[in-house]
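K.L.:
This is a predicted model, with the sequence first.
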2 protein chains.
Amino acid sequence: MKRAVILLSGGLDSAVTMYIARKKGYECYALMFDYGQRHRKELLFARRLARKCGAHLKVVTLHLPWKGSSLVDKTARLPSSRSVKKIKTAGIPSTYVPARNTIFLSIAASYAEAIGAPVIYIGAHADDSSGYPDCGRDYLKAFNEVLKIGTKRGLEKRLRLEFPLVGKDKSGIIRLASSLGVLFQHTWSCYEGRRRPCGKCDSCVLRAKGFKEAGIKDTLYA
Amino acid sequence: MKRAVILLSGGLDSAVTMYIARKKGYECYALMFDYGQRHRKELLFARRLARKCGAHLKVVTLHLPWKGSSLVDKTARLPSSRSVKKIKTAGIPSTYVPARNTIFLSIAASYAEAIGAPVIYIGAHADDSSGYPDCGRDYLKAFNEVLKIGTKRGLEKRLRLEFPLVGKDKSGIIRLASSLGVLFQHTWSCYEGRRRPCGKCDSCVLRAKGFKEAGIKDTLYA
């Protein structure tokens, strides 16, 4: 059974991505990061998701000695109560963590090489990004080139990146999640990471829009 | 004064690279990694190098929960007493750390974004590599594309990668180091990291060859 490394965050997108990899027949090695995020609570969700999906889970701790994002700097304010239109048009938000996906993908590459996995899955997509530069197709293709050239496996079998959600919007992802049996109450999106989702951060707003458009009930709120 | 992030290892190549960046007029922000390397001793050399060059130094600790290299696994054996020809022809050595340069560069990208530096310097070159896949020009150009597309600055000013040593061999780098005033006794190459260089690991062998070809005395052995 071939192995795949899955970047798992505890959110909806990476959960669906892990289920897609499992459906493709891969033995899933989920990789999660404890990087000082406000919503460290997502780690608990990732653990449960991995267990339910029958995936291995590895957690890497990475506390970088600089700030640069309201997602890791608890003294900064998160964008709040923005309309979807505002989120989509206001440019890169303060929640953008410098080079986060590049760091996560590079560490995933190391893990994939160490365990002999030929593929890495990431759940990035442009609709989610609200302006993040490291979520689009061009970025993911560029990183795939780095993998092809710059890894040990690359010289023989070409370690590769799969990004099955890249062309989808949130409602499409939610419908896909539903068809794959992802339990929404096992996923966490809120940037605040308190007991209940805040409903006001960009992540909560985009999640709510996706469920509304998909016509599906978000069981996290049950 | 423009800022540059320099990947510093305590070795010869990154020391020269830092001096090149300084000569180009950059304020140097050296970035060093404590990643469980055998030759953790190189950290002390990096500190001294940064101080002598008037550079800032940031050390990032990153202990990944998997092995995959004799450079971080002290129970593994290092290649020893290999001829230069053997080193050059035997393929990727066990000292290759999976995706190391990709990880270092991605964290450097995060640092550069956080401090507003438009450029990252790396001292990689093919002669040093003894088969490392993440040291050649194609790899570095591919990573440069990731930086251009996938960073916040990238959307406006294009954060870029400089790799001034990529076409040079070790003797050329040593001559350049000499002309820039790098003190060789402040650089450490030996993978073993004991009190004195072992003289037998690939890194010691390639260093000795470089000095011999350059006709320069290695003052580390003084």
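P.N.:
On my side now, so go ahead.

K.L.:
is the lengthiest helix in chain A up against chain B anywhere?
P.N.:
The longest helix of chain A (DSSP state H) is helix A:100-115. Yes. Helix A:100-115 lies within reach of chain B by Cβ under 8 Å from any Cβ of the partner chain, at A:100-103, A:105-107, A:109-115. (Each C-beta comes from the backbone N, C-alpha and C, glycine too.)

K.L.:
Which among the residues you listed count as buried?
P.N.:
Burial by neighbour count, judged by 16 or more other Cβ atoms under 10 Å in any protein chain shown, picks out A:100-103, A:105-107, A:109-115 from those.

K.L.:
Put the alpha carbons of the longest helix of chain A into PDB.
P.N.:
C-alpha atoms of helix A:100-115 as PDB (Å, rounded to 0.1, in the frame of the first residue of the first chain):
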ATOM      1  CA  ARG A 100       3.600  29.300   6.000                       C
ATOM      2  CA  ASN A 101       2.600  26.900   3.300                       C
ATOM      3  CA  THR A 102       6.100  26.800   1.900                       C
ATOM      4  CA  ILE A 103       7.400  25.900   5.300                       C
ATOM      5  CA  PHE A 104       4.800  23.200   5.800                       C
ATOM      6  CA  LEU A 105       5.300  21.800   2.400                       C
ATOM      7  CA  SER A 106       9.100  21.700   2.800                       C
ATOM      8  CA  ILE A 107       8.800  19.800   6.100                       C
ATOM      9  CA  ALA A 108       6.300  17.500   4.500                       C
ATOM     10  CA  ALA A 109       8.800  16.800   1.700                       C
ATOM     11  CA  SER A 110      11.400  15.900   4.400                       C
ATOM     12  CA  TYR A 111       8.800  13.500   6.000                       C
ATOM     13  CA  ALA A 112       7.900  12.000   2.600                       C
ATOM     14  CA  GLU A 113      11.500  11.300   1.800                       C
ATOM     15  CA  ALA A 114      12.100   9.800   5.200                       C
ATOM     16  CA  ILE A 115       9.200   7.400   5.000                       C
END
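
K.L.:
Listing partners with orientation, what would you give for the helix or strand following it?
P.N.:
As assigned by DSSP states H and E, the chain's next helix or strand after helix A:100-115 is strand A:119-121. Strand A:119-121 sits in its sheet next to strand A:3-7 (parallel), strand A:160-162 (parallel), going by DSSP bridges.

K.L.:
any idea of the mean pLDDT for the longest one?
P.N.:
The one in question is strand A:3-7. In this model, strand A:3-7 has a mean pLDDT of 97.

K.L.:
Determine the next helix or strand in the C-terminal direction from it.
P.N.:
helix A:12-23.

K.L.:
now the helices for chain A?
P.N.:
Using DSSP H, the helices of chain A run over A:12-23, A:42-53, A:84-89, A:100-115, A:126-129, A:137-150, A:170-180, A:202-214.

K.L.:
The last one - contacts with which helices or strands?
P.N.:
Using 3 or more Cβ pairs under 8 Å, 6 or more residues apart in numbering or on different chains; DSSP states H and E as the contact criterion, the neighbours of helix A:202-214 among helices and strands are helix A:84-89, helix A:170-180.

K.L.:
tell me which strands and helices the shortest one is in contact with?
P.N.:
Contacting helix A:84-89 under the criterion 3+ Cβ pairs under 8 Å, 6+ apart are the following elements: helix A:202-214.

K.L.:
What are the buried residues along the helix it packs on?
P.N.:
A:202-211, A:214.

K.L.:
any chance of those residues in CSV, plus pLDDT?
P.N.:
Output for the buried residues of helix A:202-214, formatted as CSV (pLDDT from 0 to 100):
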residue, pLDDT
A:Asp202, 91
A:Ser203, 93
A:Cys204, 94
A:Val205, 93
A:Leu206, 92
A:Arg207, 94
A:Ala208, 95
A:Lys209, 94
A:Gly210, 95
A:Phe211, 97
A:Ala214, 97
